[in-house]
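Visitor: Here is the input, now give the coordinates:
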Amino acid sequence: MPETGPLTRSMDKQFEKLFAMMAGLEQKMEAGQEEMRVAQAGLEQKMEAGQEEMRVAQAGLEQKMEAGQEEMRSGQERMEKGQEEMKGLIDEVKSEVQRKIDEVEEKVQIKIEDVKSEVKGKFEEVEHKVQGKIDEVEHKVQGKIGDIERRLSELEVRPFSFPASPEFMHSRPTIKSLTFDGQTSWTVFKTQFDAVSSTNGWTDFVKASQLVALLRGSAAEVLQGIPADKLTDLTTIEKALESRFGDSHLTQFYRTELKTRRQKPGESLQELAADVERLMSLAYAECPLYVRESLAAQYFVDAIRDEDTQHSTRLMDAKDLKSSLAYSMKYEAA
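Guide: So this is what the prediction gives:
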């Protein structure tokens, strides 16, 4: 066998150390792997234990959820039962209330019928008394009217036969007499009556007597409310008739109608002016003539439909209705 040199021996020793180190390393690796296997086994055990705990907890939670759901179902059933009971109670109360209402309505209806019968009896009784009083007063008034008419007839036949009463000397009318039944305008009638009175020169006493004799229908009924000793008082009679048939309560209505009056399609200027004049006599009867004329001209111009005609007539500044009408017709025809 050949003799090895020092280098070979040195290398052998190094190989031996290397092999020894490798063997130690393998042992350590095996020991580490064993530790890892042990640790992995422990971890797996812990994981299995945790999963088991989770399964147990989940099972408990599911049981609790089922118990809660069961409790909710039970509570819902109790609520539904309570609602049914409440509905039944409400229906019962409604029925009782309706029954009470029906009873009250029946009692009220019976009471109303009783009151109606009683009121009807009282009304008929009062109506009978009032009618008797009306007949009595009417009889008296007709008697007074008959006396006045008789006296007027005597005055017409013998106008100068009463020297002791000079107020009758000029009572005989010289134009046709009028009548007033309450169906026509009191204002118009009074204007005509005043004209007749002025023409004949009647005194207030004669005017009162004539006025009473000219009343007919509902106008004559007004005399029933006048004392017998006032039937020859002109002021008393005229006030009573004015209160019943006068236009004073319509004054504001006529004034408003004047302010809003506008010429209608197809309406001529003459027709418009005539209506404005009519409304003026009703709305401003108490005003002086010159005031009425000036106002009538203004309202007429405001009512003209054609803007050019209206503007031109307004610039003309007429003082009365006739002048405004004449100018507007001339402008319209041009």
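Visitor: quick one: low-confidence parts of the stretch 101-250 of the chain?
Guide: Of all residues in the stretch 101-250 of the chain, those with pLDDT under 70 make up the ranges 116-117, 119-177, 249.
Visitor: can you give me the helices in it?
Guide: Taking DSSP state H, counting those that start in this stretch as the test, the helices found in the stretch 101-250 of the chain are 186-200, 204-214, 217-221, 234-245.
Visitor: of these, which approaches residue 265 most closely?
Guide: helix 186-200 (29.3 Å; CB to CB). Placement of C-beta: from N, CA and C, glycine included.
Visitor: Compute the inter-axis angle for the closest one and helix 204-214.
Guide: Inter-element angle recorded for helix 186-200 and helix 204-214: 130 degrees (by axes from the mean of the first three to the mean of the last three CA atoms, to 10 degrees).
Visitor: and helix 186-200, how far out from the chain's middle?
Guide: Its chain's C-alpha centre and that of helix 186-200 lie 45 Å apart, by CA atoms, centre = their mean, to the nearest Å.
Visitor: Who are the packing partners of it?
Guide: Contacts defined by 3 or more CB pairs under 8 Å, 6 or more residues apart in numbering; DSSP states H and E place helix 186-200 against helix 204-214, helix 234-245.
Visitor: ok so, going back, generate JSON lines for the helices of the stretch 101-250 of the chain, with mean neighbour count as supplementary columns.
Guide: Output for the helices of the stretch 101-250 of the chain, formatted as JSON lines (neighbours: other CB atoms under 10 Å):
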{"stretch": "helix 186-200", "mean neighbour count": "16"}
{"stretch": "helix 204-214", "mean neighbour count": "20"}
{"stretch": "helix 217-221", "mean neighbour count": "16"}
{"stretch": "helix 234-245", "mean neighbour count": "16"}
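Visitor: want to throw those helices into CSV with distance to residue 75?
Guide: Formatted as CSV, the helices of the stretch 101-250 of the chain follow (distance: least, CB to CB, whole Å):
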stretch, distance to residue 75
helix 186-200, 86
helix 204-214, 95
helix 217-221, 83
helix 234-245, 82
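Visitor: Ok, which of these comes nearest residue 329?
Guide: It's helix 186-200; of the helices of the stretch 101-250 of the chain, that one is closest to residue 329 (CB to CB) at 27.2 Å.
Visitor: quick one, that closest one and helix 234-245 angle?
Guide: Using the same axes, to 10 degrees: helix 186-200 against helix 234-245 is 160 degrees.
Visitor: Can you say which of the helices of the stretch 101-250 of the chain is nearest to residue 253?
Guide: helix 186-200 (13.9 Å).
Visitor: could I get the closest one in PDB with only the CA atoms?
Guide: Taking C-alpha atoms only, helix 186-200 is exported to PDB below (Å, rounded to 0.1, in the frame of the first residue of the first chain):
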ATOM      1  CA  TRP A 186    -141.400 106.500  -6.500                       C
ATOM      2  CA  THR A 187    -138.800 109.100  -7.500                       C
ATOM      3  CA  VAL A 188    -140.300 109.500 -10.900                       C
ATOM      4  CA  PHE A 189    -143.800 109.600  -9.600                       C
ATOM      5  CA  LYS A 190    -142.900 112.200  -7.000                       C
ATOM      6  CA  THR A 191    -141.200 114.400  -9.600                       C
ATOM      7  CA  GLN A 192    -144.300 114.300 -11.700                       C
ATOM      8  CA  PHE A 193    -146.500 114.900  -8.700                       C
ATOM      9  CA  ASP A 194    -144.400 117.900  -7.600                       C
ATOM     10  CA  ALA A 195    -144.700 119.300 -11.200                       C
ATOM     11  CA  VAL A 196    -148.500 118.900 -11.100                       C
ATOM     12  CA  SER A 197    -148.700 120.500  -7.600                       C
ATOM     13  CA  SER A 198    -146.600 123.400  -8.700                       C
ATOM     14  CA  THR A 199    -148.600 123.900 -11.800                       C
ATOM     15  CA  ASN A 200    -151.900 124.000  -9.800                       C
END
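Visitor: Please identify which of the helices of the stretch 101-250 of the chain is closest to residue 324.
Guide: That would be helix 186-200 among the helices of the stretch 101-250 of the chain, by CB to CB, at 23.9 Å.
Visitor: can you count the residues close to residue 28?
Guide: By other CB atoms under 10 Å, the residues close to residue 28 number 10.
Visitor: For the helix or strand containing it, name the packing helices and strands.
Guide: Assigned by DSSP states H and E, residue 28 belongs to helix 6-157. If you count contacts as 3+ CB pairs under 8 Å, 6+ apart, helix 6-157 packs onto helix 204-214, helix 217-221.
Visitor: try it again with 6 Å
Guide: helix 204-214 (3 or more CB pairs under 6 Å, 6 or more residues apart in numbering; DSSP states H and E).
Visitor: relative to helix 6-157, how tilted is the helix it packs on?
Guide: Going by the same axes, to 10 degrees, helix 204-214 makes 110 degrees with helix 6-157.
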